[in-house]
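[1] Sequence plus the predicted model coming up.
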Amino acid sequence: MTSTPRREAGGRLDPAVRRGLIVEAARTVILREGLGATRLRDIATEADVSVGTVTYHFASVAEILNEVVVLETARFYSSIIEAVDAEPDPVVGVRMLVAPLFTGSDDTADHWRLWSDYWTAVARKPAVAAEYVARIRVWEACLTRTLRRGAEQGVLRVDDASALALKLAAYSDGLATQLSQHAPGLTPGLALEWMWRFVELETGVRVDVATH
């Protein structure tokens, strides 16, 4: 059953709901047109609101992009992270975190396309992401916790969990960028195979097979 958007007295949409609709519309436009070709008026048209309504909630496309990435992060990773944090075996937890990154599905491709645009925006203006760091680096934070548990249990060879998590995040991001650019010969399956190999080299444990 579809829920009805919250409305204020007089039938107007709750501001938080309208803001959410604008973010959803922005996601659609960015995926369709690319960040570089996305304008506030495009987002307004997709959301069926005026440009003034968009600028009332957001100062720029860059600000909207931050919210799009926060939403995308929550959608893509929330259930995974919840399951990993509840998983007693850290080796299985690492597998659960890595496996969804390169499935070859449209959802995963869209996820990385949004991130690719985001990296480009941040590279041009690092301050864009400053206040969003904790909300968007949740995969890396969960991996740090999982690697640390593995080291404490003696099942993973890890000296610095946060440094290794950053290294793995950087490696996966690089692979995703190459995939989004259609690097010749690179497929999601090969990218995942390389991730498994990298994890094994860094932790001393093979995690690309089910362990229970």
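    Thanks, I have the structure now.

[2] Nearest residue to T73 in space, please, no chain neighbours.
    Nearest non-adjacent residue to T73, counting by CB to CB, 6 or more residues apart in numbering: I136, 5.1 Å away. All C-beta spots, glycine's among them, are computed from the backbone N, C-alpha and C.

[3] Next, work out how far apart the one you found and R197 are.
    Computed as CB to CB, to the nearest Å, the I136 to R197 distance reads 27 Å.

[4] Please export the C-alpha coordinates of the helix or strand that T53 is a member of as PDB.
    In this assignment (DSSP states H and E), T53 forms part of helix 51-57. Extracted C-alpha coordinates of helix 51-57, given in PDB (Å, rounded to 0.1, in the frame of the first residue of the first chain):
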ATOM      1  CA  VAL A  51      12.600  26.800  -9.900                       C
ATOM      2  CA  GLY A  52      11.800  29.100  -7.000                       C
ATOM      3  CA  THR A  53      10.700  26.200  -4.900                       C
ATOM      4  CA  VAL A  54      13.900  24.300  -5.600                       C
ATOM      5  CA  THR A  55      16.000  27.300  -4.700                       C
ATOM      6  CA  TYR A  56      14.000  27.800  -1.500                       C
ATOM      7  CA  HIS A  57      15.200  24.400  -0.300                       C
END
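
[5] Settle it for me: which of I136 and R197 has more neighbours?
    I136 (19 against 12; other CB atoms under 10 Å).

[6] Give me the distance between that one and L190.
    Per CB to CB, I136 is found 26 Å from L190.

[7] Also D48?
    From D48 to L190 the distance is 42 Å (CB to CB).

[8] do A47 as well
    Distance, A47 to L190, using CB to CB: 38 Å.

[9] more neighbours, those two?
    With neighbours defined as other CB under 10 Å, A47 and L190 compare such that A47 has more, 21 against 13.
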